[in-house]
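1. Any chance you could fold what I've pasted below:
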Amino acid sequence: MYLKKIAIAVVMLGLVCIAYFSYFIYSIMLVPNTAFNSKEAFIYIRSGATYSEVRSDLEPLLLDVDKFDLLAQQKKYTTNVKPGRYRISKGMTNNDIINSLRSQNLTVIVAFNNQHSLEALAHRVSNQIEADSLSLISAFRDSLFLRSNGFSSETALAMYLPNSYEFFWNTTANNFRSKIQKAYHRFWNSERKAKAKELGLSPKQVSILAAIVQEESKQVLEQPRIAGVYINRLNRNWALQADPTLKFAAYQTKAYKNTVIKRLLNKHKKIKSPYNTYTNKGLPPGLIAMPDLSAIDAVLNCEKHSYFYFAADPEKPGFHRFAKTLVGHNNNARRYQNYLNSQGIRK
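-> Just a heads-up that it's a prediction; the model follows:
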């Protein structure tokens with residue numbers, strides 16, 4: 001009878017221990033452990049991050065970080081941290097969270113447009129992925145990469161077509177460049193290359209001209225006509241005489257650093273620069289800005305007309321008046337100059 005009581009007591013103790021252990025495991029693995037009120041939260045884990053760094057970022061999001069530690073150790077997550085961007089949904093258990101951090105690296109949408117330099121592009125992109133601006137600009141300006149892919153420091157910007165792209169947040173600078181390069185080659189398909197060839201231009205030259213067209217006019221409907229004017233000038237072996245290239249040339253000099261040129265004057269036409277298209281015939285050596293895809297297509301599908309001149313239209317801001325003769329152009333230009341005078345814009 002005594003032994004039976006002992007046996008029953010042992011069994012009962014065993015059951016209590018099993019129940020406690022089961023509850024403990026349940027509380028660690030299957031009980032919600034999120035401490036935030038929003039629908040979801042995101043955690044960004046940098047490349048090379050340690051578990052202690054991840055734990056520090058997770059702590060404000062969890063009700064009980066110690067229980068998370070226990071399961072992370074059991075599932076060997078503490079020694080297998082993976083970089084990336086991860087979602088933690090409200091009500092997730094520790095098991096859910098660890099599974100997410102292990103295998104559900106989320107992408108981000110990287111968008112950029114109208115960047116006027118590789119440095120500006122690097123800064124813009126570095127705010128959207130893990131790679132910093134220094135590593136990005138180094139990748140963008142890598143002379144070996146540029147040379148082996150037919151680019152130069154002046155034309156490198158042509159490869160970065162403004163758009164929205166999907167990347168993993170922990171993408172490296174080189175991997176970012178590689179994916180953009182693939183998008184560039186997809187954009188320059190056989191049809192677009194054929195149109196460029198018909199104009200007597202390479203894809204990079206189309207981008208150089210498109211940058212000028214876009215700086216002349218942000219009006220998408222007007223861009224093909226402006227592109228047609230420049231194509232007419234190129235075909236006649238005229239100087240482009242593109243005002244945006246004068247501004248670009250001026251801004252490269254110390255005299256015009258950190259200034260805004262509102263009115264181009266004759267003195268600007270004397271600036272010595274390969275980008276001065278008043279003194280140099282043909283296209284400048286590189287892009288003065290990042291052209292939108294619409295501007296590139298405006299060049300490829302430029303209007304066929306007899307216009308050789310255009311001037312800003314004071315009666316229709318943002319648009320231009322076009323002329324076939326110098327006399328007609330001088331009239332249009334005089335009208336615009338009078339408008340600038342009336343507004344007190346002298347430089």
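2. what about the residue nearest in space to the middle of the chain, distance to D142?
-> Central residue of the chain (C-alpha atoms, centre = their mean): F112, 3.2 Å from the mean position. F112 is 19 Å from D142, where distance means C-beta to C-beta, to the nearest Å. In this view, the C-beta of every residue, glycine as well, is placed from N, C-alpha and C.
3. picking that back up, surely the residue nearest to the centre of the chain touches S126?
-> No - F112 lies out of contact with S126 (C-beta atoms under 8 Å); the separation is 10.8 Å.
4. Mind jotting down where the strands sit in the stretch 1-150 of the chain?
-> For the stretch 1-150 of the chain, applying DSSP state E, counting those that start in this stretch gives strands covering 40-45, 84-89, 107-112.
5. Excluding chain neighbours, what is closest to H268?
-> Leaving aside its sequence neighbours, H268 sits nearest to L246 (C-beta to C-beta, 6 or more residues apart in numbering; 4.8 Å).
6. That neighbour is in what secondary structure piece?
-> Assigned by DSSP states H and E, L246 belongs to helix 243-251.
7. F167 too?
-> Using DSSP H and E, F167 sits in strand 163-168.
8. Tell me the buried residues in stretch 252-262?
-> By neighbour count with 16 or more other C-beta atoms under 10 Å, stretch 252-262 contains no buried residues.
9. what mean pLDDT does that stretch have?
-> The pLDDT scores in stretch 252-262 average 86.
10. And for stretch 340-347?
-> The average of the pLDDT scores along stretch 340-347 is 78.
11. okay, that stretch in PDB with CA atoms only?
-> C-alpha atoms of stretch 340-347 as PDB (Å, rounded to 0.1, in the frame of the first residue of the first chain):
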ATOM      1  CA  LEU A 340      12.300  88.700 -69.000                       C
ATOM      2  CA  ASN A 341      13.000  92.500 -68.900                       C
ATOM      3  CA  SER A 342       9.400  93.200 -67.700                       C
ATOM      4  CA  GLN A 343       9.900  90.700 -64.900                       C
ATOM      5  CA  GLY A 344      13.200  92.300 -63.800                       C
ATOM      6  CA  ILE A 345      15.200  89.100 -64.600                       C
ATOM      7  CA  ARG A 346      18.600  90.300 -65.600                       C
ATOM      8  CA  LYS A 347      20.900  87.400 -64.900                       C
END
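12. so where is this structure shaky, pLDDT-wise?
-> 1-29, 347 (pLDDT under 70).
13. what about N175, distance to V110?
-> With C-beta to C-beta as the criterion, N175 and V110 are 12 Å apart.
14. Helices of the protein, start to end?
-> Secondary structure of the chain (DSSP state H): helices located at 2-29, 51-58, 65-74, 94-103, 118-126, 133-140, 143-148, 173-187, 190-199, 203-216, 223-235, 243-251, 293-300, 326-342.
15. ok so, going back, check what contacts the helix holding L246 and list those residues.
-> Helix 243-251 has contacts (C-beta atoms under 8 Å, 6 or more residues apart in numbering) with 211-212, 215-216, 256-257, 259, 261, 264, 268-269, 271, 273, 275-278, 284, 288-289.
16. and if you look at stretch 332-347?
-> Applying C-beta under 8 Å, 6+ apart, the contact partners of stretch 332-347 are I261, K262, R263, L265, Y309, F310, A311, A312, D313, P314, R321, A323.
17. in that stretch, what counts as buried?
-> N332, A333, Y336.
18. Same list (those) but as CSV, adding distance to K204.
-> Listed next are those as CSV, based on distance: C-beta to C-beta, whole Å:
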residue, distance to K204
N332, 32
A333, 31
Y336, 32
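19. Looking at the residues you listed, which is nearest K75?
-> The closest of these to K75 turns out to be Y336 (C-beta to C-beta; 70.7 Å).
20. Next, count neighbours for G228.
-> Neighbour count of G228, defined by other C-beta atoms under 10 Å: 23.
21. list the contacts for it?
-> With contacts defined as C-beta under 8 Å, 6+ apart, the neighbours of G228 are C302, E303, K304, H305, Y307.
22. next one: G150
-> G150 neighbours (C-beta under 8 Å, 6+ apart): K204.
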